[in-house]
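**Q** I'll drop the sequence and a predicted model, then ask my questions.
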Amino acid sequence: MATQWGYGPKNFSITAGSDHVIALDVPHRGTIKQINLQQSNGGDSGVFEIYDAEIAAEVGAESSSVSALASGDPAAHSITDGEVAISAGSYRAAWDVPYINRDGSISLPVRRLWMRINITGSGDKDFTLSMTIEPSDI
């Protein structure tokens, strides 16, 4: 078993009612073992999805055209296999979700994932994200 790597806490703010894409600086490939997403200024509901390609997250957020995505389907790049529900401003779970960034290559890896998040309500919402990741030995 590889050494686990702690990500975060990453603090970010979004405006409620629309999709936002948040860059997550993580190892090029690995397995997300735990995730903890907490809203610090309320308890709103919403959804998030994590992607292995930036353009897929942007297409999912409708800020880019599907034709810009090589596979033509943002779902093919969702490492969460669709949207994950946030309830009462919180999502916390043990995961076993492997990923590899699809924007990079072996010789030029991109160390990033992208989270598309949308929360109900109005105004600015503040979040903290922490994850435990087991980087791949490959």
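**A** Yes, it's here. This is a predicted model, so every value here is computed, not measured. Residues are numbered from 1 along each chain as shown.
**Q** Please identify the helix or strand for the nearest residue in space to residue 79 that is not next to it in sequence.
**A** The spatially closest residue to residue 79, leaving aside those adjacent along the chain, is residue 99, at 4.5 Å (C-beta to C-beta, 6 or more residues apart in numbering). For glycine as for every other residue, the C-beta is placed from the backbone atoms N, C-alpha and C. Residue 99 is part of strand 90-100, with elements assigned from DSSP states H and E.
**Q** ditto for residue 26
**A** Applying DSSP H and E, one finds residue 26 in no helix or strand.
**Q** separation between residue 57 and residue 75?
**A** 12 Å (C-beta to C-beta, to the nearest Å).
**Q** oh sorry, the question was meant for residue 131
**A** On the measure of C-beta to C-beta, residue 131 and residue 75 end up 22 Å apart.
**Q** my read: residue 7 touches residue 131, true?
**A** Yes: if you go by C-beta atoms under 8 Å, residue 7 and residue 131 touch, sitting 4.2 Å apart.
**Q** Common neighbours of the two, please.
**A** 24, 26 (C-beta atoms under 8 Å, 6 or more residues apart in numbering).
**Q** Give me the more crowded residue out of residue 131 and residue 75.
**A** A count of neighbours by other C-beta atoms under 10 Å puts residue 131 above the other of residue 131 and residue 75, at 24 against 13.
**Q** Quick check: beta-bridge partners of the more buried one?
**A** Beta-bridge pairing for residue 131 (DSSP bridges): residue 7, residue 35.
**Q** show me the contacts for it.
**A** 6, 7, 8, 24, 26, 32, 33, 34, 35, 36 are the contacts of residue 131 under C-beta under 8 Å, 6+ apart.
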